[in-house]
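Undergrad: model this:
(one chain, ligands or ions: 2)
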Amino acid sequence: MEENGALLATVLDGVKQLAKPGVSTQELDRFAEDGIRRAGAVPAFKGYRGYKATLCTSLNCEVVHGIPSKKRVLAEGDILSVDIGLKKDGLFADMAVTIPIGTVSEEVQRFLRISEESLEEAIRKAWPGNRLGDISHAVQSHVERAGYSVVRDYVGHGLGYALHEEPVIPNFGKAGTGPRLEPGMVLAIEPMVNMGGYEVQTLSDGWTVVTVDGSLSAHFEHSVAVTESGPRVLTRHPGKG
Ligand code: MF3
Ligand code: CO
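TA: Numbers count the residues shown, from 1 in each chain. Ligands and ions are numbered 1, 2, ... in the order given. Take a look at the predicted model:
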């Protein structure tokens, strides 16, 4: 799973470098699918419940599950959440990142920083003996302290031989509650953070989830193994610590 995670992070890094004003989300999707297949892996989302793309590309007030399209062209100041998954040798890797397009305001930079930090805080709790609620609480407290909100309707998940396994991992909850974490568990921890209220709704395409109040949304995700010696992030880029 670590090899798969490194491969996934490498492909996503290429997507990040391509994500510039003037590029369509479909171009990003093509690039990602090519990279995954050239490595002998398959996109994890394509075909999942009828989903037709490799990436989920969610722009600005879109929270998750935005569908890549040649009509969606990136513009200076946008933020773009890219969610990507692959399967190789029967094992899944899953990760997401929100990318600033060109230059974004300081307010937006802070929003992205806090959102990413909430994932890092959660990862630090992924020790054997801790409880699932410790992870959930770490995300929620970091986000809410900064004045933002966590999405309730979508959650993280276990993964391994399936993309979605137990447990369900909410991004809100009480420390010290829920199942105990054990060595060998692999968790996709994925805070979805709104700048405004936490309410979301799904558009008529049946996929795209947006904030109800139109505020910006960010999404950061890593696949993380719980080991005897602590959390091991499987989806780190090999060259970038
Ligand atoms: N990356 C999402 C997750 O973490 C799955 C995307 S749903 C899909 O569970 F339909 F687009 F595949
Ligand atoms: Co996921």
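Undergrad: State the next helix or strand along the chain beyond the helix or strand that contains residue 35.
TA: Using DSSP states H and E, residue 35 maps to helix 25-38. On the C-terminal side of helix 25-38, the closest following helix or strand by DSSP H and E is strand 42-43.
Undergrad: what helices or strands is that next one leaning on?
TA: helix 25-38, strand 79-88 (3 or more CB pairs under 8 Å, 6 or more residues apart in numbering; DSSP states H and E). Yep, even glycine has a C-beta here, placed from its N, CA and C like the rest.
Undergrad: what about residue 60, how many neighbours?
TA: A count of nearby residues for residue 60, using other CB atoms under 10 Å, gives 19.
Undergrad: Repeat that for the one 5 residues further on.
TA: Here the count is done by other CB under 10 Å, and residue 65 has 22 residues near it.
Undergrad: Can you check what pLDDT the model gives it?
TA: Looking at residue 65, its pLDDT reads 98.
Undergrad: so what's residue 125 closest to, chain neighbours aside?
TA: Among residues not flanking residue 125 along the chain, residue 134 sits closest, at 4.3 Å (CB to CB, 6 or more residues apart in numbering).
Undergrad: which phi and psi does the one you found have?
TA: With angles defined as degrees, to the nearest 10, residue 134 sits at phi -70, psi -40.
Undergrad: right, and it touches residue 179 too?
TA: No - contact between residue 134 and residue 179 fails when scored by CB atoms under 8 Å: they sit 10.8 Å apart.
Undergrad: With neighbour numbers in mind, choose between the two.
TA: Using other CB under 10 Å as the criterion, residue 134 and residue 179 rank with residue 134 on top: 22 against 11.
Undergrad: which ones are touching that one?
TA: Applying CB atoms under 8 Å, 6 or more residues apart in numbering to residue 134 gives the contacts 125, 175, 176.
Undergrad: And residue 125, by the same measure?
TA: Neighbouring residues of residue 125 by CB under 8 Å, 6+ apart: 134, 135, 138, 231.
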